[in-house]
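Engineer: return a 3D structure for these sequence lines:
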Amino acid sequence: MAAVNLNLLAENASRLGMRLQETFSEHTRDLAIARGSGSAFLDNPEEKVKNIGKQLDSSSDREKLEAMKRLIALISRGRNVSEFFAQVVKNVASHNLEIRKLVYIYLLRYAEQEPDLALLSINTFQKDLSDPNPLIRAMALRVLSGIKVPMIGSIVVLAIKKCAADISPYVRKAAALAIPKIYHLDASHQPELIRIISTLLKDQSPLSLGSVAIAFEAVCPTRLDLLHQHYKRLCRTLIDMDEWGQVDLLSLLVRYARVMLPRPIPSNGASATPEFEVDSDLKLLLTSAEPLFQSQNPAVVLAIARAFYYLGPPSDLPKIVPPLLRLLHLSREIERVVLTNLVLVSSTLADVLAKSYTQFMVRADDPRQVKKDKVHLLRAVTNAENHPSLLREFICYADDADDDLVAESIQAIGYIARVIPEATQQCLTALMSFIQSKHHVIVANAVLVLKSLVQIRMQQQQNVIAVGGLPPQSFSPLEIISRLARRIDDIRHPKARACVVWLVGQYASSPAPAANGSTSAGPEGIAPWSPDVLRKMAKSFMQETSVVKLQVVTLAAKLLVLSPADRTIGLLYRYTLSLAQYDLDYDVRDRARMLRALLAGVTAGLYGEADDEREDVGGVVLRREQIKVVLFEGKMSPSEDFSKDEDDHGRFGSLAALTGRWTGADGYLPDWLEEGISSSLRDSEADAPPTPAYVSQLQSQSSARSIAGGGPSSRASPVVLTPTGGVSPAGSLSRQDGGKAAYMDLDKFYEEEEDESEEDGSEEDEEDEEDAGTESGEDGESTEGEASGSGEEGADVLDSEGDSNSNHVQGTTSSLH
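Structural biologist: Down below sits the predicted model:
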């Protein structure tokens, strides 16, 4: 028995396995068919392309659908299939929804190229504006607005106006996107388009508001007054919109805030950190936008950072740094954009960025511009705490193969030497070591930085000595000049050689200390290494570039003015000017001619017998002291190349930050106004505080009771609950006769209310009897007079009781509280 059961179980298991295998095979075959059908449209040999026209003319919807799918696949691969436009247009009225969708996609692509053929189907497009499917309505409007024919502008405007009132927000969004198209086609429709935009601004759906902002910027960017009534609602709706709609709307709101809202001003507090007074409407915008810092879209995060940077008080600026740093790791392109914008705000947010300076370290595979931006950021965030690490980084970057990065790094080392006195000696050691490098780029940039350091330090020493102090002894600028002068043959870069020659001539009058502390020997009034530099440069004068020749001629003139009695310097000056007089560069010739005329009073008798034969150029002959002033004084010290404008008009977060110039797509921000417009203009009915529920309930009960009574006389007299002590609540109404007493409990209150209702009932009966008597017994005049009198009485009673009822509500609510 057990063997039979076992065999039966094995047979059932095998059947189940076969059934599962068959089911799995069927599903796998269906999956293969579906997969093959999708990829088959992308593989279009020429035979199938030729059959597309026949399939489009076929009566079978299946063949038409297959042909349209092949056309869309060819469009996705970049192939031009405009030759089938006429055949596709004929299928625009197909009853098959899938075919119509594909036809509209095709027409959106080629309607601008074939506007005349697209006009043949304009009636179909207009009919589709009433199609039950919102997707068809939207696509019909998109195609209709994409036909670039000015004569149908009025038809398109009517279609936009119709779709702007559509029940579907997707269709209203398509209407908003069609407005810029028709405006660029025919600007005469601007007044009607502005009215449509005003209607779309009232839209409560977040889906279409971003497109409305695009239409507003394209058609009427200066009509910011249209946003007054919608400003607060747009701020609150910002977080519910789609991502790209948030970017467009936020750009519009930021510009509105700069024009219409007051600027945050510091309060008169006595605290160390100044507090700023921010307008309530501006605070609403910043508060509504702040949660979007967590958005996954980098464009949204950058737009929010731009809003806080240009609208928020200084205390809110640090909020933009963490979200921007989060974007650095998303992609190379986003990193490039974010770094460029961080460079713009680095001087303002240096303290905040310094905490995250490790994220700006240069990687070997970074693009060139990214490397430069990172070095700029590291330079901007340098402070007393992180300068050792950054100095090591810059020294390492100086050995990079990128010449631009080498130049930026060496300049950063010079910047550290200027701003951090503790690191000056380390920076000078590194720069002097760069002079011995075999790479001309390193040597040239090191010389340029040393020149600026020497010039700044010499100016500082002169300022200290002028006020009677002692110059700092951190490093000797003349020692640097002497070392550069000795290595003039090893410096081959033209600009670097010109810098060394200029330093030698500018500071040649300063005595150079010798190794034992005494002043070294040399020509009277000049440093001992100056004539040797002039000798070497005069020897190689013909091989030098023009920028070096100009400095060599100037060096010879300066040394001659400092030591006119030295014969060697005089001969070198004469030789140098003779070479410069016949140089190929006219700048060099003009410089030589100018210096010869300038030094006419010093060089008298220098040329011996030939002086009498020289042409007299005329003019005033200056003395030696005057020539010194001309050649040595008035040399400006180098200034910092990083400067921040007070207001860059919205460059941060715009395309101008990357391209360096303003384009039409940039949101140029105007200056702040001294005082914004009145806040009441931005108040709307939706912003009014709601009526409390209990007040509205009491009002509804009172109105229902008056309706049930049939007239004003049936209203109950107002009842006021007065606390113990006899003091009536604020806002309550008391009787003039003082008949209303203080209530001690709710039982007495309800008893009094029942008595008053009975009295009101008896009064109603008496009035009814009087009315019946007047109708039967009196003539027309008396009836008319009494009727008018009773009407006035009723109006008075209605007015007085209406006031009493309103006061009764206020008193009751206050007593209940």
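Engineer: dump stretch 94-113 to PDB, restricted to CA.
Structural biologist: Coordinates of each C-alpha in stretch 94-113 appear next as PDB, following Å, rounded to 0.1, in the frame of the first residue of the first chain:
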ATOM      1  CA  SER A  94      -7.700  58.900 -36.900                       C
ATOM      2  CA  HIS A  95     -10.100  57.300 -34.500                       C
ATOM      3  CA  ASN A  96      -7.300  55.200 -33.000                       C
ATOM      4  CA  LEU A  97      -6.000  57.100 -29.900                       C
ATOM      5  CA  GLU A  98      -2.500  55.600 -30.100                       C
ATOM      6  CA  ILE A  99      -2.100  56.700 -33.700                       C
ATOM      7  CA  ARG A 100      -3.300  60.200 -33.000                       C
ATOM      8  CA  LYS A 101      -0.700  60.500 -30.100                       C
ATOM      9  CA  LEU A 102       2.100  59.500 -32.400                       C
ATOM     10  CA  VAL A 103       0.900  61.800 -35.200                       C
ATOM     11  CA  TYR A 104       0.900  64.700 -32.800                       C
ATOM     12  CA  ILE A 105       4.400  63.800 -31.700                       C
ATOM     13  CA  TYR A 106       5.500  63.800 -35.300                       C
ATOM     14  CA  LEU A 107       3.800  67.100 -36.000                       C
ATOM     15  CA  LEU A 108       5.400  68.800 -33.000                       C
ATOM     16  CA  ARG A 109       8.800  67.900 -34.500                       C
ATOM     17  CA  TYR A 110       8.100  69.100 -38.100                       C
ATOM     18  CA  ALA A 111       5.300  71.600 -37.900                       C
ATOM     19  CA  GLU A 112       7.800  74.500 -38.000                       C
ATOM     20  CA  GLN A 113       9.500  73.100 -41.100                       C
END
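Engineer: burial of Lys127, as a residue count?
Structural biologist: A total of 12 residues lie near Lys127 under the criterion other C-beta atoms under 10 Å. From N, CA and C alone the C-beta is placed, and that goes for glycine too.
Engineer: which secondary structure element is home to it?
Structural biologist: For Lys127, the element it lies in under DSSP states H and E is helix 122-128.
Engineer: same thing with Met458?
Structural biologist: Going by DSSP H and E, Met458 is in helix 440-466.
Engineer: quick one: distance of the helix or strand that that helix is followed by to the chain centre.
Structural biologist: Per DSSP H and E, the first helix or strand lying C-terminal to helix 440-466 is helix 477-486. Between the mean C-alpha point of helix 477-486 and the mean C-alpha point of its chain there is a distance of 48 Å (C-alpha atoms, centre = their mean, to the nearest Å).
Engineer: what's the mean pLDDT across helix 477-486?
Structural biologist: Mean pLDDT, taken over the full extent of helix 477-486, equals 82.
Engineer: now the helix or strand following that helix: average pLDDT?
Structural biologist: Using DSSP H and E, the helix or strand that follows helix 477-486 in sequence is helix 494-506. Mean pLDDT, helix 494-506: 87.
Engineer: what lies in contact with helix 494-506?
Structural biologist: 443-445, 447-448, 451, 454, 481, 484-485, 488, 491, 527, 529-530, 533-534, 537, 544-545, 547-548, 550-552, 554-555, 558-559, 632, 635 (C-beta atoms under 8 Å, 6 or more residues apart in numbering).
Engineer: most centrally placed residue in this structure?
Structural biologist: Closest to where the C-alpha atoms of the chain average out (C-alpha atoms, centre = their mean) is Gly653, at 3.0 Å.
Engineer: OK, contacts around that residue?
Structural biologist: Shown in contact with Gly653 (C-beta under 8 Å, 6+ apart): 302-303, 305-306, 309, 341.
Engineer: wait, is it part of a strand?
Structural biologist: No. The assignment for Gly653, made by DSSP: H, G, I helix; E, B strand; the rest coil, is coil rather than a strand.
Engineer: and it, backbone torsions?
Structural biologist: According to degrees, to the nearest 10, the main-chain angles of Gly653 amount to phi 80, psi 10.
Engineer: need the pLDDT of it.
Structural biologist: 79.
Engineer: how close does it sit to Arg623?
Structural biologist: 60 Å (C-beta to C-beta, to the nearest Å).
Engineer: Val547 now?
Structural biologist: Looking at Val547 against Arg623, where the rule is C-beta to C-beta, the gap reads 30 Å.
Engineer: before we move on, what about His376?
Structural biologist: His376 sits 48 Å away from Arg623, taking C-beta to C-beta as the criterion.
Engineer: who has more neighbours, the two?
Structural biologist: Neighbours were counted for His376 and for Arg623 using other C-beta under 10 Å; His376 has more, 20 against 10.
Engineer: how close does the residue nearest to the centre of the chain get to Val504?
Structural biologist: Look at Gly653 and Val504: by C-beta to C-beta, they are 48 Å apart.
Engineer: ok, Trp662 next?
Structural biologist: The value you get for Trp662 to Val504, if C-beta to C-beta is used, is 45 Å.
Engineer: ok, these two, which is more surrounded?
Structural biologist: Taking other C-beta under 10 Å, Trp662 and Val504 do not tie; Val504 has more neighbours (27 against 15).
Engineer: can you pull the contacts of the residue nearest to that one when sequence neighbours are not counted?
Structural biologist: Distances taken as C-beta to C-beta, 6 or more residues apart in numbering place Val533 nearest to Val504, at 4.8 Å, with adjacent residues excluded. Taking C-beta under 8 Å, 6+ apart as the definition of contact, the neighbours of Val533 are 485, 488, 500-501, 504, 555.
Engineer: if we go to 7 Å?
Structural biologist: Counting by C-beta atoms under 7 Å, 6 or more residues apart in numbering, Val533 touches 485, 488, 501, 504.
Engineer: can you list these in TSV and add distance to Met151?
Structural biologist: Formatted as TSV, the contacts of Val533 follow (distance: C-beta to C-beta, whole Å):
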residue	distance to Met151
Ala485	80
Ile488	77
Val501	73
Val504	78
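Engineer: which one of those residues is nearest Ser211?
Structural biologist: Ranking the contacts of Val533 by separation from Ser211, with C-beta to C-beta as the measure, puts Val501 on top at 64.3 Å.
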